[in-house]
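Enquirer: The sequence isn't on hand, but the structure is:
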């Protein structure tokens, strides 16, 4: 296991909730702390740059220092850092591709824009709908006990999920490098899912920020739209870089990598169109970029 990448993952896991809590409460000190942890994680990942997954993870971490909100980009970087920590470096001379770095920048921007528009509220849409249904069917007229129970269950689920990630990681330490590498993506997916749940709970449970008390790093919804446009432009640039690298190394643009990168760019173009279902299109854009980078790692 690469200790630098593992330490970076821990720093990013801490940076994500600090960012969410800082935005929810309007406390600038928490926001600065999250920026600092993301920057430290980016530097640590540079020491693991020989591992392919560490490269986009570093880009995600450094981008998280700049963008706001940064909770989701930090979690994505942490997941990539986990893969970099447990997957051994390939043999020397395997080549260095630039397009995954540009795609990682697009993913960081798209994730930040998605979090700004989404507010990580989809998770609570289902829970809230179920709670309201139960409340509507109940005879009580004083508050929603079902909503309180559901909230406590989500807190319990987040705690158990985090414990599960810790147990899976500790058990994997005693296994061979091949076993660790095989389960890297699964562990990263578990970490990402638990992290999203925790971010959503922080947004739900934190004290609301006072009017006008948000710090300067907060981004309004039009800013989220601009960030999404920048993400789409970066995805197009990543597809162009993949095409150039494919032509230089294989003598043709017709490679699987170029096709996948072009698909991600098309999802970006679809995401920025001023039509309905914008939230869904942005989410598909993020998922497409995430899958593209997961295959590249």
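Expert: On my side now, so go ahead. Not measured: the values here are computed from a predicted model.
Enquirer: what about the helices in the stretch 51-200 of the chain?
Expert: Along the stretch 51-200 of the chain, the segments classed as helices by DSSP state H, counting those that start in this stretch run 54-66, 71-86, 99-118, 122-137, 145-172, 177-182, 184-205.
Enquirer: among those, where is the model least confident on average?
Expert: Sorting the helices of the stretch 51-200 of the chain by mean pLDDT places helix 122-137 lowest, at a mean of 52.
Enquirer: What residues sit buried inside the top helix by length along the chain?
Expert: Identified as the longest helix of the chain according to DSSP state H is helix 221-250. For helix 221-250, burial by neighbour count (16 or more other CB atoms under 10 Å) applies to 224-225, 227-228, 230-243, 245-246. In this view, the C-beta of every residue, glycine as well, is placed from N, C-alpha and C.
Enquirer: ok, now stretch 98-105?
Expert: 99-105.
Enquirer: Export the residues you listed as JSON lines, with columns for distance to residue 265.
Expert: Shown next, in JSON lines, are those (distance: CB to CB, whole Å):
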{"residue": "99", "distance to residue 265": "11"}
{"residue": "100", "distance to residue 265": "14"}
{"residue": "101", "distance to residue 265": "15"}
{"residue": "102", "distance to residue 265": "10"}
{"residue": "103", "distance to residue 265": "9"}
{"residue": "104", "distance to residue 265": "14"}
{"residue": "105", "distance to residue 265": "13"}
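Enquirer: need the contact list for the spatially most central residue of the chain.
Expert: Centroid-nearest residue in the chain: residue 76, 2.9 Å away (criterion: CA atoms, centre = their mean). Residue 76 sits next to 60, 107-108, 111, 192, 290 when contact means CB atoms under 8 Å, 6 or more residues apart in numbering.
Enquirer: most neighbours, which of those residues?
Expert: Greatest neighbour count in the contacts of residue 76, by other CB atoms under 10 Å, goes to residue 107: 33 neighbours.
Enquirer: Excluding chain neighbours, give the residue nearest to it in space.
Expert: Closest residue to residue 107 apart from its sequence neighbours, by CB to CB, 6 or more residues apart in numbering: residue 289 at 4.2 Å.
Enquirer: how about that neighbour, secondary structure?
Expert: Secondary structure, DSSP: H, G, I helix; E, B strand; the rest coil: residue 289 is helix.
Enquirer: Tally up the residues packed near it, please.
Expert: Neighbours of residue 289 (other CB under 10 Å): 31.
Enquirer: Tell me the one among the buried residues of stretch 98-105 nearest to residue 188.
Expert: Nearest to residue 188 out of the buried residues of stretch 98-105 is residue 104 (CB to CB; 14.2 Å).
Enquirer: hang on, isn't the closest one packed against residue 56?
Expert: Yes - between residue 104 and residue 56 there is a contact at 3.4 Å, judged by CB atoms under 8 Å.
Enquirer: Mutual contacts of the two, please.
Expert: 80, 293.
Enquirer: pLDDT value on residue 219, please?
Expert: Looking at residue 219, its pLDDT is 36.
Enquirer: To clarify, my last question referred to residue 139.
Expert: 50.
Enquirer: How about the contacts made by the closest residue to residue 11 other than its chain neighbours?
Expert: Among residues not flanking residue 11 along the chain, residue 41 sits closest, at 4.1 Å (CB to CB, 6+ apart). Going by CB under 8 Å, 6+ apart, residue 41 touches 7-9, 11-12, 15, 61, 77-78, 81.
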